[in-house]
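**Student:** Below are the sequence and a predicted model; questions follow.
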Amino acid sequence: MLVIVVENVPPRLRGRLAVWLLEVRAGVYVGNPGRKIREMIWENVREGVEHGNAIMAWSTNTESGFTFDTVGSNRRIPTDWDGLQLVSFHPEAVDEELAGLAPDDL
């Protein structure tokens, strides 16, 4: 099983993904291609994402039963924790507030 979610990508990339996968919601594509096709699709996503972002998750033989890869900037950052892939959340608003404060204000 393969799932790709895209945000703020050009329409031509969304159209290209729709050729290989089923778009079940806006920007959410699912399918069951083999490894070579999955890698080819991801290469197309990496080349066409421009200022957007994307994540690809697929079934594999790991502890969690899947793995994932990302491209583009996003507040959710993949993090390896003892061989287990997790996602840390980088709250943008808090960083912007802290950036305006002097060290003595913290």
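**Tutor:** Ah, there it is.
**Student:** tell me the contacts of the closest residue to Asn8 other than its chain neighbours?
**Tutor:** Nearest non-adjacent residue to Asn8, counting by C-beta to C-beta, 6 or more residues apart in numbering: Gly52, 3.6 Å away. To be clear about C-beta, it is placed using only N, CA and C from the backbone, and glycine gets the same treatment. Gly52 makes contact with Val6, Glu7, Asn8, Val9, Pro10, Leu13, Gly72, according to C-beta atoms under 8 Å, 6 or more residues apart in numbering.
**Student:** Show me which of these are buried.
**Tutor:** Neighbour counting by 16 or more other C-beta atoms under 10 Å classes Val6, Val9, Leu13, Gly72 among the contacts of Gly52 as buried.
**Student:** could you point out which element follows the longest helix along the chain?
**Tutor:** In the chain, taking DSSP state H as the definition, the longest helix is helix 35-48. As assigned by DSSP states H and E, the chain's next helix or strand after helix 35-48 is strand 53-59.
**Student:** picking up where we left off before, what is the longest helix of the chain packed up against?
**Tutor:** Counting by 3 or more C-beta pairs under 8 Å, 6 or more residues apart in numbering; DSSP states H and E, the packing neighbours recorded for helix 35-48 are strand 2-7, helix 11-20, strand 53-59, strand 66-71.
**Student:** Nearest to Asn44 among the ones you listed would be which one?
**Tutor:** helix 11-20 (5.8 Å; C-beta to C-beta).
**Student:** Okay, the residue nearest to the spatial centre of the chain and Leu86: tell me how far apart.
**Tutor:** The centroid of the chain falls nearest to Ile55 when counting by C-alpha atoms, centre = their mean (1.8 Å). As judged by C-beta to C-beta, to the nearest Å, Ile55 and Leu86 stand 14 Å apart.
**Student:** same question, Thr60
**Tutor:** Thr60 sits 16 Å away from Leu86 when distances are taken as C-beta to C-beta.
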